[in-house]
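In: got a sequence here, can you build the structure:
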Amino acid sequence: MVERPLRILQILRAPVGGLFRHVGDLTQGLAARGHEVGIVIDSLSADALTAARLETLKAAAKLGIHSLPMPRVIGFGDLTTPPRLRRLAKELEIDVLHGHGAKGGLNARLAAAGVKGRIALYTPHGGVLHFGPSSPSGLLFQNFERLLLPLTDAVIFESAFARRRFHQLIGAPRCPDPIIHNGLKPEEFEPVTPAPEAADFVFIGEFRALKGIAVLLEALVGVRAPDGRLANLVMAGGGPDFEGFKGEVAALGLSERVTLLGVQPARPTLARGRCAVVPSLKESLPYVVLEAAAAARPVIATDVGGVAEIFGPTAGSLLPAGDVMALRGAMQAFMDDPARADGDMRARLEHVREHFSVERMVTEIEGLYRQVLVRR
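Out: Numbering: from 1, shown residues only. So this is what the prediction gives:
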């Protein structure tokens, strides 16, 4: 018996970063299998590459790319968007609403509530899991999550860490809640060779405090090559704290050693540095670590979120988050003997190749959609 194609809406707030990368890969993978997919994004958020990213998804998103207001914290759009999304889902005869991140999950579940034959799935992607249980914001958002759980047909976690954290902070869902790791395409396992003029280190990510940028800049101050040359760093990304960190670069006397590229695609930017550094204070399952590992690049990273799941047999090399001296030591060790990182790099590459494919990711999510629809 041939199963009919599904009609699916992928819903997220900001079309930036790893979350949007995941939605894009999932949309293209589902479309390639004959499903009809649409995307709903926030009408208020974008970065320098948003338009280009959306353009690449138009062919796969046959049900359209729709913009609705989804305020980052709490705003009027939280009242107006769920009913508008509910009407859109009815017009498009949607089977599956898949919400990504806290606001995507909120809108997906409210839009599907009480509609027979329509299911709502939720992937947190960090978000609410980054807040402590005693902080005012954490209490507010985590209580919202508890209220929404009865409206949730399945929760997908991209890492075992995220699943454990959700259970601790919010509780164990009564619906299916599998771990389905993010995946990479076959071409992303082609090695990236550093350019002749590559910097010693490269950082790729959003300019926000939780990415550990302040720790990275402070650590860089004392790092040197064996010949005494001061180490340099290329940084790609944008975000709410970009100007603040630009000022920090100057304040630390690093203006000649740090190059700020702005928002850039990750894979070609990996060629701009000999070693990738991911000094995050909090994460879920960062794509930049996956991409760097798959591209056969050395990676220095902190032991946060699901990074250990990506590092696999090399997880013992991960650093404590927020530790300037530990990060400086790891960066100095790379400068002193870059060849020592090759063994870890090769072991990590094989682990990622085996466990983090986009084909497996799409297969498991598609299967979950079908499983939940039958139950509903």
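In: assumed Cys275 was part of a strand.
Out: Yes. Looking at Cys275 with DSSP: H, G, I helix; E, B strand; the rest coil, it is inside a strand.
In: lowest mean pLDDT among the helices and strands of the chain, which one is it?
Out: helix 136-148 (a mean of 84; mean pLDDT, DSSP states H and E).
In: next SSE after that helix?
Out: strand 154-155 (DSSP states H and E).
In: tell me the mean pLDDT for that following strand?
Out: Strand 154-155 shows a mean pLDDT of 98.
In: ok, stretch 28-39 next?
Out: Mean predicted lDDT for stretch 28-39 stands at 98.
In: can I get that stretch in CSV, CA atoms only?
Out: C-alpha atoms of stretch 28-39 as CSV (Å, rounded to 0.1, in the frame of the first residue of the first chain):
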residue,chain,number,x,y,z
GLN,A,28,14.1,19.8,1.2
GLY,A,29,14.4,16.2,2.4
LEU,A,30,10.6,15.9,2.9
ALA,A,31,9.9,17.5,-0.5
ALA,A,32,12.3,15.1,-2.2
ARG,A,33,10.1,12.3,-0.8
GLY,A,34,7.0,13.7,-2.4
HIS,A,35,5.5,15.6,0.6
GLU,A,36,4.1,19.1,0.2
VAL,A,37,5.7,21.5,2.6
GLY,A,38,5.2,25.1,3.6
ILE,A,39,7.3,27.3,5.9
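In: list the residues that contact Phe157.
Out: Residues near Phe157 by Cβ atoms under 8 Å, 6 or more residues apart in numbering: Thr123, Pro124, Arg163, Phe166, Asp177, Pro178, Ile179, Ile180. Every residue, glycine included, has its C-beta placed from N, CA and C.
In: longest helix of the protein?
Out: In the chain, taking DSSP state H as the definition, the longest helix is helix 358-375.
In: I'd say Lys246 and Leu260 touch.
Out: Yes. Here Lys246 reaches Leu260: they are 6.4 Å apart, a contact under Cβ atoms under 8 Å.
In: residues near Ala250, how many?
Out: 10 (other Cβ atoms under 10 Å).
In: tell me the pLDDT at it?
Out: 96.
In: next one: Asp47
Out: Value for Asp47, per-residue pLDDT: 68.
In: re the thing from before, so what does the least confident helix or strand of the chain touch, helix or strand wise?
Out: Helices and strands touching helix 136-148, by 3 or more Cβ pairs under 8 Å, 6 or more residues apart in numbering; DSSP states H and E, are helix 101-112, helix 160-169.
In: quote the end-to-end distance of stretch 246-260.
Out: 8 Å (Cα to Cα, to the nearest Å).
In: how about it, which residues are buried there?
Out: Within stretch 246-260, the residues scored as buried using 16 or more other Cβ atoms under 10 Å are Glu248, Val249, Leu254, Arg257, Val258, Thr259, Leu260.
In: look at the third one and give its secondary structure.
Out: Yep, that's Leu254 we're talking about. coil.
In: residues in contact with it?
Out: Leu254 sits next to Leu217, Leu220, Val221, Leu233 when contact means Cβ under 8 Å, 6+ apart.
In: 6 Å instead?
Out: Listed by Cβ atoms under 6 Å, 6 or more residues apart in numbering, the contact set of Leu254 is empty.
In: again with the second one
Out: Each residue near Val249 by Cβ under 6 Å, 6+ apart is listed here: Ser255, Val258.
In: can we see that at 7 Å?
Out: By Cβ atoms under 7 Å, 6 or more residues apart in numbering, Val249 lies in contact with Leu217, Ser255, Val258.
In: can you tell me which of the residues you listed lies nearest to Pro279?
Out: Nearest to Pro279 among these: Leu217, at 9.4 Å, using Cβ to Cβ.
In: quick one, phi/psi of that closest one?
Out: phi -60, psi -40 (degrees, to the nearest 10).
In: okay, now it: neighbour count?
Out: Leu217: 22 neighbours (other Cβ under 10 Å).
In: one step back: give me the residues contacting the longest helix of the chain.
Out: Counting by Cβ under 7 Å, 6+ apart, 3, 6, 25-26, 29-30, 33, 95-96, 119, 121, 153-154, 156, 176, 178, 180-185 sit against helix 358-375.
In: at 8 Å what do you get?
Out: By Cβ under 8 Å, 6+ apart, helix 358-375 touches 3, 6, 8, 25-26, 29-30, 33, 35, 95-96, 98, 117, 119, 121, 153-154, 156, 175-176, 178, 180-185.
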